[in-house]
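S.K.: pasted the sequence and its predicted model underneath.
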Amino acid sequence: MEAIFETWPWYVSGFLIGMVMLCLIWFGKTFGMSSNLRSICSIVGAGKYVPFFAFDWKSQKWNLVVILGAMIGGFVAVHYMSSPNNVDINPTTIEQLSTMGIDAPQGKLMPDAIFSAEAMQSPKMVFTLVIGGVLIGFGSRYAGGCTSGHAITGLSNLQLPSLKAVIGFFVGGLIMAHFILPLIF
Amino acid sequence: MKALKYLLVGFVFGIVLTKSEAVSWYRIYEMFQFQSFHMYGIIGVAVATGLVGIQIIKRKKLKDIKGEIINVPDKEPGSARYWIGGLIFGLGWALAGSCPGPIFILIGAGFWPLIFVLAGALIGTFIYGVIKDKLPH
């Protein structure tokens, strides 16, 4: 029982994520989280101005329910299944982050330097998060999927386009983590 | 009742992503620094599980819950959109330390600054919708 409070091993987590995807396929759907962003744009009326958003978002309601369930799952996991031993990352990573002024996890999922209420007092930090979001939203729609749609579903289904997208994800991520993040922090 | 199964699958997904720490900014940073196998293990096992499952589904022509033969759709052929779109997504993934699923999961868990990331993601999606016909795909 104790084990559920600790960091779940990669082989358990990976297997369960694979099963979530297969479950949605069995339901006659697909596993893709970024599609919800397009649905939300539609719901708030973007379809009146841009044809890309004039689609039947109601047919995607099931996916919004998945995301709602995921939010509840996140709440339960953080509030009732956490332990101070969580997020036990590599000490070298911690050292590297401290030179950038980013605090060590100490059981927290997110660094206070970027995601605390205090950090949100800084316009630079808010701007950084918004830009991060813009890149995520634009990139995932342009590529036609994100980690769930391409990396998990597409690669599982041996899709060459997904392999290209996933290589792109990692090239972009490496450029950001190695060259751009040190300039920001 | 129909919605309940989606809520349940989502609930499991949210718990797994949180407890595996795939939603953690730290884990994404550590992955891109090649300082841990953890994230690669998660993605690798998820893909391996999916690969075996999809092969079984295809070879045995399994049916979905509505009784129709399952068809896992192919991605549209193309290159530019996958390379460029993928690269742009990757930049955002490492900057915000989260991808679309985790953005929602973290907001649900109470990390409200992720609302700024979500707002950005909606803006980014909207911009794509506006200029998509001018982009190479």
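M.R.: Everything's here; your move. Numbers count the residues shown, from 1 in each chain, chains lettered A, B, ... in the order given.

S.K.: give the closest residue to residue 78 in space, chain neighbours not counted.
M.R.: Chain wasn't specified; assuming chain A. Counting by CB to CB, 6 or more residues apart in numbering or on different chains, the nearest residue to residue A:78 once its immediate chain neighbours are dropped is residue B:109, at 4.0 Å. Bear in mind the C-beta positions are built from the backbone N, C-alpha and C, glycine included.

S.K.: to clarify, I was referring to chain B.
M.R.: The nearest residue in space to residue B:78 (CB to CB, 6+ apart) is residue B:137, at 5.4 Å.

S.K.: residue B:76 is in contact with residue A:161, isn't it?
M.R.: Yes: using CB atoms under 8 Å, residue B:76 is in contact with residue A:161, at 6.8 Å.

S.K.: would you map the helices across chain A?
M.R.: For chain A, helices defined by DSSP state H occupy the ranges A:10-26, A:35-43, A:61-80, A:91-99, A:112-115, A:123-143, A:155-156, A:160-175, A:181-184.

S.K.: could you dump those into CSV with mean neighbour count added?
M.R.: Below are those laid out as CSV (neighbours: other CB atoms under 10 Å in any protein chain shown):
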stretch, mean neighbour count
helix A:10-26, 22
helix A:35-43, 22
helix A:61-80, 21
helix A:91-99, 14
helix A:112-115, 20
helix A:123-143, 24
helix A:155-156, 22
helix A:160-175, 21
helix A:181-184, 12
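
S.K.: of all the ones you listed, which one is nearest residue B:35?
M.R.: Across those, residue B:35 has its closest neighbour in helix A:91-99 (4.7 Å, CB to CB).

S.K.: the closest one near chain B anywhere?
M.R.: Yes: applying CB under 8 Å from any CB of the partner chain, one finds helix A:91-99 touching chain B at A:92-93, A:96-97.

S.K.: count the residues that sit near the residue nearest to residue B:78.
M.R.: The tally of other residues near residue B:137 (other CB atoms under 10 Å in any protein chain shown) stands at 15.

S.K.: can you check residue B:133 too?
M.R.: Residue B:133: 9 neighbours (other CB under 10 Å).

S.K.: out of everything not next to it in sequence, what's closest to residue 116?
M.R.: You didn't say which chain, so I picked chain A. Of all residues not flanking residue A:116 in the chain, residue B:113 sits nearest, at 7.6 Å (CB to CB, 6+ apart).

S.K.: actually, chain B is the one I wanted.
M.R.: residue A:129 (4.0 Å).

S.K.: contacts only, for residue A:154.
M.R.: Counting by CB atoms under 8 Å, 6 or more residues apart in numbering or on different chains, residue A:154 touches A:145, A:161-163, A:165-166, B:75.

S.K.: what would the residues you listed look like in CSV with distance to residue A:121 and pLDDT?
M.R.: Below are the contacts of residue A:154 laid out as CSV (distance: CB to CB, whole Å; pLDDT from 0 to 100):
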residue, distance to residue A:121, pLDDT
A:145, 35, 95
A:161, 42, 97
A:162, 40, 98
A:163, 42, 98
A:165, 36, 98
A:166, 37, 98
B:75, 43, 96
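
S.K.: mind putting these in a markdown table, distance to residue B:69 included?
M.R.: Converted to a markdown table, those look like this (distance: CB to CB, whole Å):
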| residue | distance to residue B:69 |
| --- | --- |
| A:145 | 23 |
| A:161 | 23 |
| A:162 | 22 |
| A:163 | 26 |
| A:165 | 27 |
| A:166 | 28 |
| B:75 | 20 |
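
S.K.: tell me the centre residue of chain A?
M.R.: Nearest residue to the geometric centre of chain A (CA atoms, centre = their mean): residue A:147, 7.6 Å.

S.K.: got any ranges where chain B has weak pLDDT?
M.R.: For chain B, applying pLDDT under 70 flags the ranges B:1.

S.K.: helices of that one, residue ranges please.
M.R.: Using DSSP H, helices in chain B cover B:2-19, B:25-32, B:38-59, B:80-96, B:100-109, B:114-131.

S.K.: okay, the ones you listed in a markdown table with mean neighbour count next?
M.R.: Conversion of the helices of chain B to a markdown table gives the following (neighbours: other CB under 10 Å):
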| stretch | mean neighbour count |
| --- | --- |
| helix B:2-19 | 22 |
| helix B:25-32 | 25 |
| helix B:38-59 | 19 |
| helix B:80-96 | 26 |
| helix B:100-109 | 28 |
| helix B:114-131 | 22 |
